[in-house]
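K.L.:
Quick one: sequence and predicted model below, then my questions.
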Amino acid sequence: MKIVTENLTHIYDGKEVIKDINLSVEGVEAIALIGPSGAGKSTLLRLLCKIEEASVGNLFVNDVSVHDVEAKEYYKKVGFVFQSHNLFPHLSAIENITLVLEKVHKYSKDEAIKKANLLLEQFGLSEHSHKRPSQLSGGQAQRVSIVRSLAIEPEVLFLDEPTSALDPILTREVLRTILELRNQHKKFIIVTHELGFAKKAADYVIYMEDGVVIEEGKVDILDHPKTNKLRQFVEYVMD
Amino acid sequence: MIKKTVHFSFALGLYGLLIFFIAYSYPGKENFDLLRLFPARNEIFQSWLLTLYISLSSLVYSMIVGFVLYLSSKSSLLFIQYVGRIFDEVVFGSPLIVFIIAMYYFIAIPMGISNRLNVGILAFSLYMAPYMKTLLDGAMKSIDDAQYQAMKVLGFSKGQSYRYIILPQVIKLIFPPLIGHLTFIIKGSSLLSVIGVRELYFQIDRIQANLLLYVEGYLLMFITYLLMTIPLVAMSRWIERKLSL
Ligand SMILES: Nc1ncnc2c1ncn2[C@@H]1O[C@H](COP(=O)(O)OP(=O)(O)O)[C@@H](O)[C@H]1O
Ligand SMILES: [Mg+2]
């Protein structure tokens, strides 16, 4: 995966929440985006995923200019998992997946069902495939929504604190699912507060504070931070 | 289950008693004979059909106008929003009977339009439209931002989003209150009698006056209206159960 940003700046209500970020990351598989709340992590992710257009600067995901690419084309290549599952409530787990495959990605009905079943089985969700979201636990629903994003075989998957709405036990099952993505060499960027998990799941870490990237590098910077700010953050979170 | 039936029977019994008491204490009870309305059965049946026709057409038209009002409330032009909102407020604030009379005598007649039935249906549809709009608005609001974001990042086009995600949810939500509105429409259609539309109330009212069968006439009104509304309500409950699996 390749992520490049040039002078990336984003302004909300006259306030800079992303301040001139210049990233150039290449040849990594999984990036953990960490930092205190309000640092701008979600905003950065939303910009990279074209949910919002950046106020200033350029950004490229796998050499595609996020600004110039058509949304329709872009969303065939990337997926996004939100803090809470946001499955469509009137559809069963499997229908949530097949609808995207059939209508957006033009699979035949049979192909879509086959693929969805395969994925649900792979992630241990087969028994829930015909349940509505309201009949799933929060963890199961979030796992289904990860599977939904994966079904389209995205080049990059963005996950914004996918466990923040879950209790510790459910969190663990979702994190296991994400580790499974890692084993399959899926490329993703995840915002997370679970540093122990970040060490296992990511090979690259970006630490942000107050709209600025303070430190970035291979995942071992979590064990050996170069900046005081990251050291303090790691100590604080690990406590 | 048995317990429920018993309770239901007792409640019915109570109303039976009440009806019996009213009938017993009514001075003209010796002459009571519902069958004396029988010769007028054709006219009554025709008017019953007309009431159904008025109700169903008004339902359809009010939904269409309600949808237009809904769109106007989402317009980027503030002027259009106000046009819709003023209409809403006028309707919410005025009695149906006044609305119908004003539409017919002060707007339609001066314009040279005198088809009572069509004007009546139009007035009634316009009157119901803001209620339909409110219904649609509530249902649309139940689809939260998270879902819209999901539709976007999953790559659904606008048309697909409406067809496969928004509308199925909205229809499910508005169906039960829509039936409520329909029963209101059926009952309210009786007010079209004030401009001389020969619907059910108008017809029975005339017949009972001609034949001096007031008690029988009003009883028949109860029965004929309930024959429309009760099955509708039962049906909507049934469909509601089916939908919400
Ligand atoms: N939609 C928005 N409108 C206005 N301000 C926002 C919006 N989203 C986020 N912000 C502000 O931007 C800053 C960064 O937010 P966010 O990216 O959510 O941080 P993080 O995900 O790191 O907690 C915060 O100060 C937040 O209040
Ligand atoms: Mg956030």
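P.N.:
Perfect, thanks for sending it. Numbers count the residues shown, from 1 in each chain, chains lettered A, B, ... in the order given. Ligands and ions are numbered 1, 2, ... in the order given.
K.L.:
Tell me the buried residues in the one helix or strand B:F175 maps to?
P.N.:
For B:F175, the host element (DSSP states H and E) is helix B:167-188. Residues of helix B:167-188 classed as buried: B:169-170, B:172-175, B:177-179, B:181-183, B:185-186, B:188 (neighbour count, 16 or more other Cβ atoms under 10 Å in any protein chain shown). Every residue, glycine included, has its C-beta placed from N, CA and C.
K.L.:
Near the residue nearest to A:F80 when sequence neighbours are not counted, how many other residues are there?
P.N.:
Residue nearest to A:F80 in three dimensions, not counting chain neighbours: B:V153, with 4.2 Å by Cβ to Cβ, 6 or more residues apart in numbering or on different chains. Neighbourhood size, B:V153 [other Cβ atoms under 10 Å in any protein chain shown]: 22.
K.L.:
just A:S108 next, same as before
P.N.:
A:S108, neighbours per other Cβ under 10 Å, totals 10.
K.L.:
Give me the pLDDT value at it.
P.N.:
Predicted confidence (pLDDT) for A:S108: 97.
K.L.:
Show the subsequent helix or strand relative to the helix holding B:F175.
P.N.:
Scanning onward from helix B:167-188 (DSSP H and E), the first element met is helix B:200-211.
K.L.:
ok now that next one, how far from the chain's centre?
P.N.:
On the basis of Cα atoms, centre = their mean, to the nearest Å, helix B:200-211 sits 22 Å off its chain's mean C-alpha point.
K.L.:
Buried residues in that helix, which are they?
P.N.:
B:200-208.
K.L.:
can you check stretch B:100-112 too?
P.N.:
So, applying 16+ other Cβ under 10 Å, buried residues of stretch B:100-112: B:100, B:103-104, B:108.
K.L.:
would you put the C-alpha positions of that stretch in CSV?
P.N.:
Taking Å, rounded to 0.1, in the frame of the first residue of the first chain, the C-alpha atoms of stretch B:100-112 are listed here in CSV:
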residue,chain,number,x,y,z
ILE,B,100,-63.9,22.2,1.8
ILE,B,101,-66.5,24.9,1.7
ALA,B,102,-63.9,27.6,1.0
MET,B,103,-62.4,25.5,-1.8
TYR,B,104,-65.7,24.9,-3.5
TYR,B,105,-67.7,28.1,-3.1
PHE,B,106,-64.9,30.7,-3.1
ILE,B,107,-62.3,29.2,-5.4
ALA,B,108,-63.8,26.5,-7.7
ILE,B,109,-67.2,28.1,-8.4
PRO,B,110,-65.7,31.6,-9.3
MET,B,111,-63.3,29.8,-11.6
GLY,B,112,-66.2,28.1,-13.3
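K.L.:
Can you tell me what sits against that stretch?
P.N.:
By Cβ atoms under 8 Å, 6 or more residues apart in numbering or on different chains, the list of residues contacting stretch B:100-112 from outside reads B:114, B:116, B:119-120, B:122-124, B:126-127, B:191-192, B:194-195.
K.L.:
what about 6 Å?
P.N.:
B:119, B:123, B:191, B:194-195 (Cβ atoms under 6 Å, 6 or more residues apart in numbering or on different chains).
K.L.:
and what of stretch B:190-197?
P.N.:
B:96-97, B:100-101, B:104, B:116-117, B:120, B:199, B:201-202.
K.L.:
Cool, thanks, signing off.
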